[in-house]
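In: Compute the structure for the input listed below.
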Amino acid sequence: MKVRIKGNYPQGLEITRGERGVPHVKARDMAGVLWGMGYCHAMDRGLQMLIMRILGQGRGCECLDDSDEMLEVDRFFRRLNWGGRLKEQWNLLNAEEQGLLTAYCDGVNAYLSRKRPLECRLVGYKPEAWIPEDTLMICRMVGYLTLAQSQGEVERLFIEMVQSGVDSDLLASLFPLEAEEIDRDLLSKIKLGEKLVPDALKWLSPVPRAMASNNWVISGFKTATGNAMLCNDPHLEVNRLPNVWYETTCQWGNQYAMGANMPGLPGIVIGRNHNLSWGATYPFMDNIDSWIEECKDGKHRRGDEWMDFTVRREVIKRKKHDPLELTFYENDHGVLEGDPNQEGFYLSTCWGPSLSGANSVRAILKVTKSATVEQGMEALGKLEVAFNFVFADNKGNIGYQMTGLYPLRKEGVNGFLPMPGWDPEYDWKGFADPKDLPREYNPECGYIVTANQDQNHQGVLDPANMPMGDYRARRISQLLEERGNHDFHSTRAIQMDTYSIQAREFLDILLPAAPDSRGKSVLESWDCEYDFDSQAAPFFEAFYSELRKKVFGEAGIGVDIMVHLEQETGVFIDFYQNFDRMMTDENSPWYKDFTREQAFAAALAKAEEGYDWNKTWKDVNKAMLTNIFFGGKTPAYLGFDYGPIPLRGGRATPHQGQIYNSGGRQTTFSPSFRMITDMGETVLYTCIAGGTSDRRFSKFYKDGVADWLEGKFKKLEGQLPE
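Out: Sure, this is the predicted structure:
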């Protein structure tokens with residue numbers, strides 16, 4: 001189906017829709033392709049782009065909804081200052097790169113200038129033209145939200161635990177303190193702003209006092225065709241319409257590229273061209289640090305001197321209220337979380353890529369045209385935000401490169417603890433060379449797997465200090481080792497796999513320790529699969545929850561705190577491995593008042609109390625896909641939302657199916673997009689949790705959800721001129 005392009009457009013440009021409405025953009029050169037991509041983004045995901053820009057600029061109360069909730073969102077983004085110093089980033093691009101980014105923006109504006117989304121008309125918002133600085137800002141947002149943000153949250157949780165009197169030995173067992181000593185007195189003096197655990201929940205004070213994406217590449221000698229293969233399924237939020245990702249196939253000159261990116265960004269973020277494929281996961285790199293600033297009279301101490309802050313004033317315009325002026329205090333360590341005019345100790349925080357953008361755009365544009373694994377590693381190695389990229393080329397090579405601006409710190413400091421801001425020795429010393437980050441090329445085993453696990457051993461530096469659990473990576477590696485002739489069907493089966501090594505290891509401790517009971521019998525017969533019809537999976541989760549409360553709640557943190565962290569934050573979603581390690585270790589310092597076996601047996605008995613044995617995994621693990629603008633507030637018959645849908649898998653299965661609350665709303669971790677490709681072919685197999693369009697009355701709004709649930713793939717085909 002041909003897309004009619006209105007107005008002036010690059011000569012030779014043609015846009016057609018393929019299966020599921022995925023656009024195919026054909027042009028004479030890359031500038032023409034990016035113009036067409038911008039046009040498609042505005043046409044199919046204009047609302048998504050505009051909401052991202054409005055939120056990133058901290059203008060929600062001005063443009064969308066002047067509510068107390070939106071005001072807090074605006075405050076959050078104004079503090080982060082994603083829109084700061086973007087012109088500097090634009091000036092770092094060369095003339096060719098500026099031309100390509102301008103072409104993309106011209107395509108966006110060609111559509112939006114003629115037709116703005118209905119939702120914008122409903123709230124009276126007339127979108128400004130899309131400019132290159134908007135795309136540069138989106139680059140920053142993509143790398144921070146939920147990714148780097150989770151690292152910052154767990155570092156704040158640590159400080160809250162110190163201030164609440166949790167024992168130092170218990171803290172050292174959970175967090176990566178290494179040789180760093182805890183200065184409890186200093187940490188207790190820090191005046192924290194918004195806390196991860198509200199003050200209304202009281203920390204327990206016992207006596208004695210104590211306290212998730214997959215990708216892999218396979219060499220040709222392990223595939224049925226003899227060609228290298230790449231598989232990727234980034235685990236992001238799926239309970240939303242439209243999906244985070246947008247698919248496109250592109251053709252220009254004698255080249256093509258296809259895959260997915262995020263509206264607002266030009267190029268292909270994950271996908272392939274004729275010669276090379278690339279896919280991404282998140283590496284849990286710690287590139288966000290805090291410094292303790294000693295403040296008084298509006299100044300901060302630096303050695304023996306008192307230094308002024310840079311004062312930044314922001315005005316939030318509001319549709320229904322008077323404008324609100326905010327004042328932020330900044331220094332070389334970032335933005336201060338407090339008022340330095342009130343004497344005390346505060347935190348200032350900086351994220352490595354906070355002033356980035358140019359190199360990320362450059363990297364995405366460059367990899368789109370790269371031909372070999374080495375070229376891909378070199379191109380994306382310059383990406384400023386943190387990802388684990390794997391690569392496969394049509395010469396049979398495979399590779400892996402961690403990306404991101406990783407700060408170089410004082411020797412012996414890993415960045416988890418806040419550092420003394422008055423001592424210049426603790427300032428960052430620049431950023432790491434990408435070649436010192438974890439990377440690998442053509443390993444002897446014939447495959448590379450990344451699934452958010454610890455991969456520090458593959459580099460000179462140790463960028464991850466709080467990685468996610470390695471259960472998924474171990475399971476994927478296990479399945480890759482089982483055979484040597486992998487193909488589309490075997491790799492699809494791995495992506496859909498719901499076996500939990502985590503559950504198996506916990507059951508190996510529980511079953512010998514627990515007395516006979518109905519719960520024990522259910523778990524004894526369980527195959528550790530989190531499939532839809534499993535009755536054991538939800539009961540294991542009940543046991544697992546009770547075990548965490550028993551071990552950490554009763555032994556030092558407090559049961560109410562544990563419930564809050566479990567139900568209202570992502571702490572146990574992202575960092576469960578640290579807690580698992582302490583629960584499965586019989587010599588854990590958390591086992592002071594009871595043994596490991598006693599804790600496991602008690603948790604099982606507690607989980608059995610009043611349990612509904614008829615529940616299956618699909619009954620309890622389900623989510624509603626809600627429209628990103630209306631947020632589930634429209635009547636069901638209008639069709640803006642979809643579901644609820646069941647999610648297969650759990651936290652530790654290759655097909656992840658995590659559902660939890662964060663920031664007062666339900667969110668998820670699950671394969672937001674799946675892709676598989678054999679580099680001897682010109683096909684990319686994909687499926688997406690959603691559709692191409694963000695327009696409710698488009699047939700492409702949610703038409704991919706059913707196939708995504710069943711693991712059915714469509715074909716995107718690359719085309720070269722005959």
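
In: Can you get me a residue count around residue 698?
Out: When counting by other Cβ atoms under 10 Å, one arrives at 16 neighbours for residue 698. C-beta: built from backbone N, CA, C; applies to glycine.

In: how close does it get to residue 278?
Out: Remark: distance between residue 698 and residue 278 (Cβ to Cβ, to the nearest Å) = 29 Å.

In: Show me where the stretch 501-650 of the chain dips below the pLDDT cut-off.
Out: Judged against pLDDT under 70, the low-scoring parts of the stretch 501-650 of the chain cover residues 555.

In: Now do the strands for it: every range, in order, please.
Out: Using DSSP state E, counting those that start in this stretch, the strands of the stretch 501-650 of the chain run over residues 622-627, 642-646.

In: elements contacting the helix or strand following the shortest one?
Out: It stands for strand 642-646. Along the chain past strand 642-646, the next helix or strand (assigned with DSSP states H and E) turns out to be strand 658-662. Based on contacts counted as 3 or more Cβ pairs under 8 Å, 6 or more residues apart in numbering; DSSP states H and E, the elements that strand 658-662 packs against are helix 559-568, helix 571-574, strand 665-671.

In: run the last query once more with 10 Å
Out: Taking 3 or more Cβ pairs under 10 Å, 6 or more residues apart in numbering; DSSP states H and E as the contact definition, the neighbouring helices and strands of strand 658-662 are helix 559-568, helix 571-574, strand 622-627, strand 665-671.

In: In contact with the residue of the chain most remote from its centre, which residues?
Out: Here the chain reaches farthest from its C-alpha mean at residue 516, the gap being 41.6 Å by Cα atoms, centre = their mean. Residues near residue 516 by Cβ atoms under 10 Å, 6 or more residues apart in numbering: residue 524.

In: for residue 415, same thing?
Out: Residue 415 makes contact with 151, 155, 176, 180, 286-290, 406-407, 409, 426, 428, 463, 465 under the criterion Cβ under 10 Å, 6+ apart.

In: same thing but at 6 Å, please
Out: Counting by Cβ atoms under 6 Å, 6 or more residues apart in numbering, residue 415 touches 286, 289, 409.

In: which one of the residues you listed has the most neighbours?
Out: Neighbour counts for the contacts of residue 415 were taken using other Cβ under 10 Å; the highest belongs to residue 289, which has 28 neighbours.

In: Extract the C-alpha trace of the helix or strand encompassing it and format it as CSV.
Out: With elements delineated by DSSP H and E, residue 289 resides in strand 288-296, which encompasses its position. As requested, the backbone C-alpha atoms of strand 288-296 are provided in CSV (Å, rounded to 0.1, in the frame of the first residue of the first chain):
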residue,chain,number,x,y,z
ILE,A,288,25.5,7.9,37.9
ASP,A,289,27.3,9.2,41.0
SER,A,290,26.5,11.4,44.0
TRP,A,291,28.7,13.7,46.0
ILE,A,292,28.1,14.9,49.6
GLU,A,293,28.2,18.7,49.6
GLU,A,294,28.8,20.7,52.8
CYS,A,295,26.7,23.8,52.4
LYS,A,296,26.0,27.1,54.2
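
In: Can you give me the buried ones in the helix or strand just after that strand?
Out: Downstream of strand 288-296, the first helix or strand assigned by DSSP H and E is strand 299-302. Counting neighbours by 16 or more other Cβ atoms under 10 Å, one finds that the buried residues in strand 299-302 are 299-302.

In: how about a markdown table for those, with pLDDT added?
Out: As requested, the buried residues of strand 299-302 are exported to a markdown table (pLDDT from 0 to 100):
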| residue | pLDDT |
| --- | --- |
| 299 | 98 |
| 300 | 98 |
| 301 | 98 |
| 302 | 96 |
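
In: what's the burial count for residue 583?
Out: There are 22 residues near residue 583, going by other Cβ under 10 Å.

In: In contact with the nearest residue to it once chain neighbours are set aside: list those residues for me.
Out: Computed as Cβ to Cβ, 6 or more residues apart in numbering, the closest residue to residue 583 that is not its neighbour in sequence is residue 551, at 5.4 Å. Listed by Cβ under 6 Å, 6+ apart, the contact set of residue 551 reads 583, 590, 599.

In: Can you name every helix or strand that the longest helix seen in the chain contacts?
Out: Longest helix in the chain by number of residues (criterion: DSSP state H): helix 30-57. When contacts are defined as 3 or more Cβ pairs under 6 Å, 6 or more residues apart in numbering; DSSP states H and E, helix 30-57 sits against strand 23-27, helix 95-112, helix 132-143, strand 246-252.

In: buried residues in the helix or strand just after the second one?
Out: Moving toward the C-terminus from helix 95-112, the next helix or strand (DSSP H and E) is helix 118-122. Within helix 118-122, the residues that count as buried by 16+ other Cβ under 10 Å are 119-120.

In: how about the strands in the stretch 151-300 of the chain?
Out: Assignment of strands within the stretch 151-300 of the chain using DSSP E, counting those that start in this stretch yields the ranges 214-218, 229-233, 235-236, 240-241, 246-252, 255-261, 270-273, 276-281, 288-296, 299-302.

In: mind giving me a markdown table with the ones you listed and columns for distance to residue 459?
Out: Formatted as a markdown table, those follow (distance: least, Cβ to Cβ, whole Å):
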| stretch | distance to residue 459 |
| --- | --- |
| strand 214-218 | 17 |
| strand 229-233 | 21 |
| strand 235-236 | 23 |
| strand 240-241 | 34 |
| strand 246-252 | 32 |
| strand 255-261 | 26 |
| strand 270-273 | 22 |
| strand 276-281 | 16 |
| strand 288-296 | 19 |
| strand 299-302 | 33 |
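
In: for those strands, which one sits closest to residue 161?
Out: When the strands of the stretch 151-300 of the chain are ranked by distance to residue 161, counting by Cβ to Cβ, first place goes to strand 288-296 at 15.2 Å.

In: just how off-centre is that closest one within its chain?
Out: 26 Å (Cα atoms, centre = their mean, to the nearest Å).

In: Strand partners (parallel or antiparallel) of that strand?
Out: Applying DSSP bridges to the sheet, strand 288-296 is found paired with strand 299-302 (antiparallel), strand 344-351 (antiparallel), strand 419-420 (parallel).

In: Run through who's touching the helix or strand just after the longest helix of the chain.
Out: From helix 30-57 onward toward the C-terminus, using DSSP H and E, the following helix or strand is helix 60-63. Among residues not part of helix 60-63, those counted as contacts by Cβ under 6 Å, 6+ apart are 54, 70-71, 73-74, 125, 316-318.

In: Then stretch 681-696?
Out: With contact meaning Cβ under 6 Å, 6+ apart, stretch 681-696 is reached by 21-22, 44-45, 47-48, 238, 241-243, 258, 272, 640, 672-677, 700-704, 707-708, 713, 715-718.

In: Give me the number of neighbouring residues for residue 40.
Out: A count of neighbours around residue 40, defined by other Cβ under 10 Å, yields 25.

In: Quick check, it in contact with residue 24.
Out: No. Counting by Cβ atoms under 6 Å, residue 40 does not reach residue 24; the two are 9.7 Å apart.

In: buried stuff in stretch 475-486?
Out: For stretch 475-486, the neighbour count (16+ other Cβ under 10 Å) marks 475-477, 479-480, 486 as buried.

In: Let me know the closest of those to residue 89.
Out: Nearest to residue 89, judged by Cβ to Cβ, of these is residue 476 at 36.7 Å.

In: you'd agree that closest one is up against residue 450?
Out: No. With contacts defined as Cβ under 6 Å, residue 476 does not count as touching residue 450, sitting 9.4 Å away.

In: Now residue 144. Nearest residue, chain neighbours left out?
Out: Residue 144 sits nearest to residue 351 (Cβ to Cβ, 6+ apart), 6.1 Å away.
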